[in-house]
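> test case, fold it:
(one chain, ligands or ions: 2)
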Amino acid sequence: MKKKCIVIGDLDLDLILTKLKGCPELGKEVISKGHILDIGGSGGIFSTVLSMSGIKTYIISKIGDDLLGNFLVSKLKSFKVDTRRIAVEKGRETGITINLSYPSDKYQISSLNLVRSLTIDELMFKNIEDAGHVHFSSYYMMNGLKGRYKELIENIKKNYPEITVSLDTNDDPEDSWNNNEINLISKYINALLINEREAIGITKESDIKNALDKLGKEIKTVIIKLGDRGYIAKDGKDYYREKALTTNFKDSTGAGDNFDAGFIYGLMNKFDVKKSLKIGNIYGAKSVEYIGGVGNTEKFIKLKILLKQLTQD
Ligand SMILES: Nc1ncnc2c1ncn2[C@@H]1O[C@H](COP(=O)(O)OP(=O)(O)O)[C@@H](O)[C@H]1O
Ligand SMILES: [Mg+2]
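Ligands and ions are numbered 1, 2, ... in the order given. Prediction:
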């Protein structure tokens, strides 16, 4: 039987406003000529993209019993993500991020208190038949889990001795970049996927190659995503680097999470690291051609075709 993936981390709603006429100013209204509501949170996007690639995926996160929570569950289900292990807290508001998307960059305003409060006691990760991989998203976001990751991973490994582990820390909203716990759990992590800013923040190095080397001392595969410049990676003694693919750019929301899902898809299908990185790079590039991190079903059809071409090579 094909192995399943467990995702533990952030899930919220993304409201993305596009084609904006001007920037926000206190007391002024800004007109947007388009918007979409999409599954958000690094964990939410990762789960959906991996699930749509054909891997059975369980998202473990926290929402409220409100309209946004119901919307998220039905959207996730429509992309075949298993939502039964999401903790639902009555009377609380599901998290939301408002993205003001401009061609060069975006403003983000988030209200994520509920998902950030998810605790280890609320995680329903037991009794998943054939769990082969666990992905942790947004380490710095998950206040209720911080300080308990070693215990959590050891517990998961007790339940699933062969399980592989990946982590995408994402940004640190507090800008503390405390790395004590990451160093503590690094021996358990098979793949670390972060961007340039995060690599510099975590390692305190100023040079990206030094950051890669430092992280690569403990972690087998380290990938540093470089936005429209592609990525660099280290796997054991081997280094990899690829430029970003040319795209018809629309919106960068979730590009990194799409990259992560592509790479883990490769890993879970036992492709080598080089091929898995290529898949990640394709997924990241395809992501920016659609508004929102998940985008629409057309994106997944195109990804399937690209994947087929690559795996036939
Ligand atoms: N403008 C772009 N054109 C092509 N590919 C891109 C572009 N932006 C991002 N990507 C792809 O998505 C990956 C992740 O993007 P990045 O912005 O570095 O991650 P994050 O979203 O975590 O900050 C990159 O490594 C690259 O493969
Ligand atoms: Mg990211």
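> C-alpha only now, for contacts and for neighbours.
Fine.
> what's the local residue count around residue 298?
Residue 298 sits with 9 neighbouring residues when counted by other CA atoms under 10 Å.
> where does residue 13 fall, secondary structure wise?
Assigned by DSSP states H and E, residue 13 falls within strand 12-21.
> relative to that strand, what are the paired strands and their orientations?
Within its sheet, strand 12-21 is paired with strand 31-40 (antiparallel), strand 96-101 (parallel), according to DSSP bridges.
> pLDDT on it, on average?
Taken as a whole, strand 12-21 has a mean pLDDT of 94.
> what lies in contact with it?
When contacts are defined by CA atoms under 8 Å, 6 or more residues apart in numbering, strand 12-21 is touched by residues 30-41, 44, 63, 68, 72, 94-102, 112, 115, 291-292.
> and it, C-alpha only, in CSV?
Taking Å, rounded to 0.1, in the frame of the first residue of the first chain, the C-alpha atoms of strand 12-21 are listed here in CSV:
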residue,chain,number,x,y,z
ASP,A,12,-6.2,29.2,7.8
LEU,A,13,-8.1,31.1,5.2
ASP,A,14,-6.3,33.3,2.6
LEU,A,15,-8.2,36.2,1.3
ILE,A,16,-6.2,37.5,-1.7
LEU,A,17,-7.0,40.9,-3.2
THR,A,18,-5.5,41.5,-6.6
LYS,A,19,-5.4,44.3,-9.2
LEU,A,20,-5.3,46.9,-6.5
LYS,A,21,-5.6,50.6,-7.3
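> about what we covered before: who wins for proximity to ligand 1 among the strands paired with strand 12-21?
strand 31-40 (12.3 Å; CA to the nearest ligand atom).
> and that closest one, what's buried?
Neighbour counts over strand 31-40 (16 or more other CA atoms under 10 Å) mark 35, 37, 38, 39, 40 as buried.
> turn those into CSV, including distance to ligand 2 and pLDDT.
CSV is the format used below for the buried residues of strand 31-40 (distance: CA to the ion, whole Å; pLDDT from 0 to 100):
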residue, distance to ligand 2, pLDDT
35, 22, 94
37, 19, 95
38, 17, 95
39, 15, 98
40, 12, 98
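> show me what the helix or strand hosting residue 234 is packed against.
Per DSSP H and E: residue 234 is located in strand 231-235. When contacts are defined as 3 or more CA pairs under 8 Å, 6 or more residues apart in numbering; DSSP states H and E, strand 231-235 sits against helix 208-216, strand 221-225, strand 238-242.
> ranking the ones you listed by burial, who's on top?
strand 221-225 (a mean of 26; mean count of other CA atoms under 10 Å).
> which other helices and strands contact that one?
Counting by 3+ CA pairs under 8 Å, 6+ apart, strand 221-225 packs on strand 191-195, helix 196-203, helix 208-216, strand 231-235.
> which residues touch the strand holding residue 234?
212-213, 216, 220-226, 239-244, 273, 281.
> go on, stretch 68-81?
Residues outside stretch 68-81 that contact it (CA under 8 Å, 6+ apart) are 12-13, 39, 47-48, 51-52, 56-59, 63, 82-83, 93-94.
> near ligand 1, which residues of this protein show up?
Residues of the chain lying near ligand 1 by CA under 6 Å from any ligand atom: 195, 225-228, 230-231, 244-247, 254-256, 259, 281, 284-285.
> what about burial for the residues you listed, which qualify?
195, 225-228, 230-231, 244, 254-256, 259, 281, 284-285.
> the strands in this protein, which residues?
4-8, 12-21, 31-40, 57-60, 62-64, 87-89, 96-101, 106-111, 131-137, 164-168, 191-195, 221-225, 231-235, 238-242 (DSSP state E).
> for the chain, give me the ranges with low pLDDT.
Within the chain, the stretches with pLDDT under 70 are 1.
> my guess is residue 162 contacts residue 134, does it?
No. The pair residue 162 / residue 134 is not scored as a contact, 10.8 Å apart, by CA atoms under 8 Å.
> name the residue in these two with the higher neighbour count.
Between residue 162 and residue 134, counted using other CA under 10 Å, the more crowded position is residue 134 (25 against 12).
> how much space between the more buried one and residue 244?
Remark: distance between residue 134 and residue 244 (CA to CA, to the nearest Å) = 27 Å.
> and for residue 16?
Counting by CA to CA, the gap from residue 16 to residue 244 is 24 Å.
> for the stretch 51-200 of the chain, what lies in contact range of ligand 2?
residue 170 (CA under 5 Å from the ion).
> mind listing what residue 144 touches?
Neighbour list for residue 144: 116, 117, 118, 119, 120 [criterion: CA under 8 Å, 6+ apart].
> so what's the residue count around the last one?
When neighbours are defined as other CA under 10 Å, residue 120 has 14 of them.
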